[in-house]
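K.L.:
Fold the following for me, if possible:
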Amino acid sequence: MSETTTATVSRSELAGRLAHGVRHRRWYSWLASALVWVVATALAVLVADAIVPGFHADVPLGPLGFAVVLGIAGVALQPLLVAGAVRLGWAGVLVLALVGQATMVLVAAWILPGVHIDDFWSALLVAWIVGVVGTVVGWLSTAGTDDGMVERLVASGRRRPAELDDAAVDGVVFVQMDGVPFPVLQMAVTAGAVPTLSRWLRSGSHRLHEWTPKLPATTPASQMGILHGVIDGIPAFRWYDREGDRILVANRPADAAVIEAALTTGHGLLVDGGVSIGNLFTGDAPQAALTMSRRAGRGEITRRAVAQFVASPSGLTRGLSRSVSELLRDRFQARRGVRRDVQPRCHRSWSTAALRSVTNGVLRDVNTALVAQHMLRGTRSIYVDYVDYDEVAHHAGVLRPESLEALESVDRVLHQLELVASVAPRRYRFVILSDHGQAQGTPFADRYGEELAVVVSRLAAADVAVSSAPVEGWGRTRILVDELATGKGVGGRTMRNAAAAIERRGHDDADAVEAGDRRRSGKAEGDEEFHVFGSGNLGLVYVRGSRERLTRGELDRRYPALLAGLAAHPGVGFVVVLDEVDGPIAFGAAGSHRLDDGRVDGVDPLAPFGPDAPAFVRRAALRPEAPDIYVNSLVDPGTEEVAAFEGLVGCHGGLGGWQDRGLVAVPVDVPFPDERVVGADALHVALLGILRYCGHRTDVSRDVRSTATPGT
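P.N.:
Numbers count the residues shown, from 1 in each chain. Take a look at the predicted model:
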């Protein structure tokens, strides 16, 4: 038996042992768990009896009998409630959450003569009390793990076992740990903060690689490259589309659909029977859920997952309690950072805390439930994005305790999926990757007392429209609401109105900066001369009203102080413009780098940004979607800290720090390049190799192979 085969068998046996507690528990273990639940529910009934005026249970048999009947009613009615919720759309999910458990309480009270309940509202309150107690007991009985959730998911799969015609084909689950830099994961493995990944790497089942995303290091550019094999056409997270005379923001569903339609080849990573979950783009998957670029007609899968999640007595209260916990933890950690004067630091508002509570609370569980559903159905390939670390690190920093806690939470999800895989109808291989890394530093505006847009306005003596408020996290909440808004009738219309309200609150609108004035003047009126975008520590400056990119000479004629002033600013590492004769040139305070032939005059402004910088910058500068001026912040020597043009401590988009240091962990027995992969399009090619090795791509008439190769 070869070493590779031995590693595979060992991994299979390990998965079986981990799943033992879910699948092969002794009858007395099940009985003990049931008794604990009955006793806990009986105690919850006593509490409800004491505080709910319209509810009474005769002791001693009333509470115990109520707990038993409630459990039986829950098992019997759950499939009907879930099916009804799915058919009614989002309103059914809401009814299930608010009415379903109360209905089960009413059924139990109707059956038992010793239990009395006055009205529906009393039943609803009793149901919530029982749910809260169930959450606490479930957490304590599993020592704080999520095995209880896995148990429910696996039990659901056993009730409806999938029958596959191609069960011999291995499935692949791609788990994107959004924004995790390679060095951070290395440190987390060393510190034991990610026990599942650490076990995989130390046991020899997986090997860890570093890969390098090209400029810009953003989720839309990287996901388009990873999922579709295309990295051109996306200069930042948001930008001005000259051809369409519009602003595109990658996490607005309508814009994401436009971007994917313009760039997809039709033969993406997931086209051969895959599913996209929680991403910006679909990878041409036949099925997609919580995916920005595809909403219409895709809500049933999500609604079913949400419905099953809230159907159990502790499901909804679990999600809400975790979300509230994340909210309170963020506020505590933010205040602690201020009290301790932790640097670098940015302002952390209730709004950012609320976003974290959604992405790291309910949304994580929903994503996991969706992945588990598809694994239990035998879906061939699954690509899911967990944004937990990225969302926290943006506002806290790449190595702060709260960021590493978020990373550990995603590692626990890997353990859950490992357990689900052990009972799935096909064998699954896990590929773990990040779409980019992350750098950190004090935001540009906090460090220098003015935003990049103000600098541009002052140097050019012109009014500026600026889009630099952090917007990435808003899309995750919006897309969940959007999926639930696909239902018909009043419920669907109401949810669509909620989605529109979230979009209006998403801070995507531009503000106006008046020439010589450091204050913002409110929403842009549309007659400003410049539009400035912040994408991490990469700034994009467009002259509005121009359908053609302005050259260096034209910029100098119209705004004589602008380019020299930007290059000389202490917070700017380099600016890039297109010269009429010399092509793209990067300017710094003390020198320039001509990108076509590599000529350097004075001090090379790109030298602090690594050996890949000239090629990365040249490629970005020659693209037709490039702005009139690219601006990249400084990188501090020693600390490698940058200065984001958004109000973020952790950022990505430009060059400097760890933002171009992505990670990928692959099983040892699948093909993957030994040399460093450079570019998301090259990573796409490498991942296609894994799918082909596993027997995928058989229904794809042709593959559009990227010209990019690893290491180039």
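
K.L.:
Any stretches of the protein with poor pLDDT?
P.N.:
Scanning the chain with the threshold set as pLDDT under 70 gives 1-34, 36-37, 73-98, 131, 134-161, 295-321, 468-527, 699, 701-712.

K.L.:
does the most far-flung residue of it relative to its centre belong to a helix or a strand, and which?
P.N.:
Distance from the centre of the chain peaks at P113, with 50.0 Å (C-alpha atoms, centre = their mean). Secondary structure from DSSP states H and E places P113 outside every helix and strand.

K.L.:
for Y389, same thing?
P.N.:
helix 388-396.

K.L.:
and the next element down the chain from that helix?
P.N.:
From helix 388-396, the next helix or strand downstream (DSSP H and E) is helix 401-421.

K.L.:
which parts of that next one are buried?
P.N.:
402-421 (16 or more other C-beta atoms under 10 Å). (Glycine included, C-beta is placed from N, CA and C.)

K.L.:
what's near enough to touch the closest residue to Y559 other than its chain neighbours?
P.N.:
In space, and not counting its chain neighbours, Y559 is closest to A460: 4.3 Å by C-beta to C-beta, 6 or more residues apart in numbering. By C-beta atoms under 8 Å, 6 or more residues apart in numbering, A460 lies in contact with 515, 529-530, 559, 561-562.

K.L.:
How much space separates A460 from F174?
P.N.:
45 Å (C-beta to C-beta, to the nearest Å).

K.L.:
likewise R619?
P.N.:
26 Å.

K.L.:
Which one's more surrounded, those two?
P.N.:
F174 (27 against 17; other C-beta atoms under 10 Å).

K.L.:
Let me see the contact set for the more buried one.
P.N.:
269, 381-384, 431, 433, 687.

K.L.:
rerun that using 10 Å as the cut-off
P.N.:
Applying C-beta atoms under 10 Å, 6 or more residues apart in numbering to F174 gives the contacts 226-227, 269-270, 274, 276-277, 279, 283, 381-385, 429-433, 664, 687, 690-691.

K.L.:
re the thing from before, send the alpha carbons of the helix holding Y389 over as PDB?
P.N.:
The C-alpha atoms that make up helix 388-396 are tabulated as PDB, following Å, rounded to 0.1, in the frame of the first residue of the first chain:
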ATOM      1  CA  ASP A 388     -15.800  35.600   9.700                       C
ATOM      2  CA  TYR A 389     -12.100  36.400  10.000                       C
ATOM      3  CA  ASP A 390     -12.100  39.100   7.200                       C
ATOM      4  CA  GLU A 391     -15.000  41.000   8.800                       C
ATOM      5  CA  VAL A 392     -13.400  41.100  12.300                       C
ATOM      6  CA  ALA A 393      -9.800  41.700  11.100                       C
ATOM      7  CA  HIS A 394     -10.900  44.700   9.000                       C
ATOM      8  CA  HIS A 395     -11.800  46.600  12.200                       C
ATOM      9  CA  ALA A 396      -9.500  44.900  14.700                       C
END
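
K.L.:
So which bits of that helix are buried?
P.N.:
Under 16+ other C-beta under 10 Å, the buried positions of helix 388-396 are 388-396.

K.L.:
what does stretch 536-548 give?
P.N.:
In stretch 536-548, counting by 16+ other C-beta under 10 Å, buried: 536-544.
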